[in-house]
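[1] Kindly return the folded structure for what I paste below:
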Amino acid sequence: MRSVRGETMLYEAWQRAAGSAERHIREYFQMANNGRPVFTGSRFETFGGGGAVAPDRITADDLTAVSMLSVHVPAQAAGGITGRFADDISDLLARLPSNTDLHELSENEFEGLMGSNESPGAQLWDLLRQNGSSAGRWGVGETTASKIMARKRPRLIPIYDSVVRKAVHLRHSGEHWQTWRGALTGPEGVDLVASLRRVRAATGQHHLSLLRVLDIVLWQDNRGPGDVAETVADED
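    Residues are numbered from 1 along each chain as shown. Model prediction:
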């Protein structure tokens, strides 16, 4: 569902944070005196070689990487994701491009890949969350599902959590993908994409997707003053 208001709010949130964007990224990748990362999420993309090691399969390393963003994948879910449903997940991931940015998709491409209920993106989301399962859900909420998908398709899937949701004034996760794409392709999209690229280059974090640059900056700019954990728990 497209939210023009959400797109505007996302761009405005970026504008508020833009002056501090490079500092936010540098702080996010700082190391503590004990040699550990200040923010464990700074290893989300690179742990175990990164999600591209097995691009069409969710591995134990991927689930560990997700835990570095301070969410927990319950044992039942981890077993199902890497076991019973592994082939179904691989089939869906194989239909989602790994070398395309969200803002590069045309409206028709977005609808076919992520927008419609029959799209591989929507089907993977439902599978990870066990939406409609006769056995019931297994404890993977919106935040965790978005992080699992972002680990495998960082250029295509933005992370959803309560900090960013509040900053952008989204009502629920159903508005998320379209809102981010709309902001990146709308009237201010060219400037926003260029700004994200400049921040990435200036901070030397070339492995980050543009979506992740935006996510880190917004999270850093809107988190509570005492928060070091990557986000709050799933909301549902």
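
[2] So which residue is dead centre in this structure?
    Centroid-nearest residue in the chain: residue 159, 2.2 Å away (criterion: CA atoms, centre = their mean).

[3] That residue touches residue 213, doesn't it?
    No: the pair formed by residue 159 and residue 213 falls short of the contact definition of CB atoms under 8 Å, at 11.6 Å. Bear in mind the C-beta positions are built from the backbone N, C-alpha and C, glycine included.

[4] returning to what we had before: which ones are touching the residue nearest to the centre of the chain?
    When the contact criterion is CB atoms under 8 Å, 6 or more residues apart in numbering, the partners of residue 159 are 69, 143, 146, 147, 150, 211, 212, 215.

[5] between the residues you listed, which has the most around it?
    Highest neighbour count within the contacts of residue 159: residue 147, with 29 neighbours (other CB atoms under 10 Å).

[6] Just the pLDDT for the closest residue to that residue other than its chain neighbours.
    In space, residue 147 comes closest to residue 66 once its chain neighbours are excluded; the distance is 4.8 Å by CB to CB, 6 or more residues apart in numbering. As predicted, residue 66 sits at a pLDDT of 97.

[7] Doesn't residue 66 belong to a helix?
    Yes: note on residue 66: a helix contains this position according to DSSP: H, G, I helix; E, B strand; the rest coil.

[8] which one of the contacts of residue 159 is nearest residue 105?
    Comparing those against residue 105 with CB to CB picks out residue 211 as the nearest, at 12.4 Å.

[9] these two touch, right, the closest one and residue 150?
    Yes: with contact defined as CB under 8 Å, residue 211 and residue 150 form a contacting pair (7.4 Å).

[10] Now do the shared contacts for those two.
    Between them, residue 211 and residue 150 share the neighbouring residues 157, 158, 159, with contact defined by CB under 8 Å, 6+ apart.

[11] Based on its surroundings, how many neighbours for the second one?
    Residue 158: 25 surrounding residues under other CB under 10 Å.
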